[in-house]
Structure formats: structure tokens, C-alpha cells
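Q: using only what follows, build the 3D model:
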Amino acid sequence: MVLTVGSGPVHVLALHGWFGSARGWGGLPELIDGSRFTYAFPDLRGYGERRDVPGAYTIAEAAADMLAVADELGWDRFSLVGHSMGGIVAQRVLADAPDRVERLVGISPVPASGVPFDEQGWALFSGAAESPATRRAIIDLTTGNRLAGSWLDRMVRASLDGSDAKAFAAYLPAWARTDFSAEIAGNPVPVLAVAGEHDPALGEAAMRGTWLAHYPNARLEVLANAGHYAMDETPVRLVTLLDAFLSAER
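A: The predicted structure follows:
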């Protein structure tokens, strides 16, 4: 079962991040213009309604699953929106089926080259699967240590409830250490990279060094007053950008 919103002619496959799920898109779903767009929000293996689905938990497997979702929906062509880990999955879909992808959006997205970690950073992130406190620290860090504790607690609870710990742990090396950037470099698909000004890892500098370097038809939007979770922090501005970009003349 895939959560869908809207019934419009522009088809959008929205891929969630490491701490997310199909139902972890903050205020975005309720703002979608259903007369113009149909958004599909699938769960990756190990998340949400697919929490108990076993797998290898690789980026290639996730991309194949997302193409299967598009097939089930009857979508020959569609656009992709990927948040964080979902950004690298979306790019793998593009690499595997370039003729099916109309437009690509990354929201604080992981690049196709993965994410380099120093020893301290890896120790922090690799402890998140078993530690709610570590999950909270990561969410706080990636939103600039500036948001209410009650929101951090809610995000941690949603992450724990919406993912299997084994799958969550396995996806970390998948998104951090997978590199297929040579396969997508130079792809002419229209691309929008969205970064939050308070995201210390996947912010403006990271986007300029990866997404904008990989795609010749890419542009960058930096969201004021947002960190890593624009769908929670600045949903109205985010949906405004998505509406304009995804419905532009093809």
C-alpha cells in the first residue's frame, strides 16, 4: 500500500530519508495541490508499512523497489523528490531508468557520491540505530541546534516507531559509502537542489560541490530558517518551490 495524495496529471514519487517514512513528510502532504499533482509516498524496506520486509537494504535495491512502485501505479514517466537518504535513492532510479524521469528534486539530499565522515562523525551516526538519545542529537545537530525540544522528541519517536533498527543501521553505510556519481554526471534532467541554511552537512557548500557539479541543468535554492527538515521547518516555502519546478513546461 502506497500513500498517495492528489489526482493531478503531474506524477511525483517522493522518497523519504533515513529518519523518515512515507508518513514522515511534515506539513508537505496537506499543502499539495491535488488538482495539479499526484504524489506517491512509498516506504523503503524496513520502514513504515514495510517495516517487516527483509532485504539487503542497499541503494540499488531501494531504487528497484521504487521503480516497481511506479510500475504498480501505472506511471511510465514521473518526477522524483528525495529527502536526505531518499536523494541518493532517487538518483539511483535516474541512473537505472533515465528515460522515465522527468525532473529531479533533492531536499537536503545525499549526493550520488555518498557522504564522507570523519571518525567522530561516523561514531555518532553509527550509534543511532540503538540509541534514541543519539538520534535526537543528530536531528538537533542537522537543524542547527535551534529547535524546540518537544519537536526533537516527536521526530525521534516517529523515527523509532517508523523503522526497524536492523534496517536503519544497514542503510547508513549504504547511503554514506555508495558512489555511482560517474553514472549520473552530465545527465541533462532538470534538477532542483534545496538546502537549508542551518544544515551543517548537506547545506549550500555540499550542494555546490556535488549536485550542481554533477548535473548541468541544476539550480540551487537555499531556504532561510530551515535546516535538514524543510518539510517540517518551512513547508509552505518548500511546496511553493516544488509546485513551480515540477509543473514547469516540459
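Q: point out where the chain drops to low pLDDT.
A: Counting by pLDDT under 70, the low-confidence segments of the chain come to 249-250.
Q: now do the strands in it.
A: 3-5, 10-15, 37-41, 78-83, 101-107, 191-196, 218-223 (DSSP state E).
Q: could I get those strands as a markdown table with mean neighbour count and distance to Ala137?
A: (Glycine included, C-beta is placed from N, CA and C.) Shown next, in a markdown table, are these (neighbours: other C-beta atoms under 10 Å; distance: least, C-beta to C-beta, whole Å):
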| stretch | mean neighbour count | distance to Ala137 |
| --- | --- | --- |
| strand 3-5 | 18 | 29 |
| strand 10-15 | 25 | 25 |
| strand 37-41 | 22 | 27 |
| strand 78-83 | 27 | 20 |
| strand 101-107 | 25 | 22 |
| strand 191-196 | 26 | 18 |
| strand 218-223 | 16 | 23 |
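Q: residue closest to the middle of this protein?
A: By C-alpha atoms, centre = their mean, the mean C-alpha position of the chain lies nearest to His83, the distance being 1.7 Å.
Q: residues contacting it?
A: 14-17, 20, 25, 106-109, 231 (C-beta atoms under 8 Å, 6 or more residues apart in numbering).
Q: and if you look at His198?
A: 143-144, 146, 225-227.
Q: go on, Asp43?
A: Here Asp43 is in contact with 16, 21-22, 49-51 (C-beta under 8 Å, 6+ apart).
Q: how about the strands of the chain, which one is nearest Gly127?
A: Among the strands of the chain, strand 78-83 comes nearest to Gly127, with 22.1 Å by C-beta to C-beta.
Q: each with direction, which strands does that closest one pair with?
A: strand 10-15 (parallel), strand 101-107 (parallel) (DSSP bridges).
Q: counting neighbours, what do you get for the nearest residue to Gly48 once chain neighbours are set aside?
A: Leaving out its chain neighbours, the residue that sits closest to Gly48 by C-beta to C-beta, 6 or more residues apart in numbering is Ser21, at 4.0 Å. Neighbour count of Ser21, defined by other C-beta atoms under 10 Å: 24.
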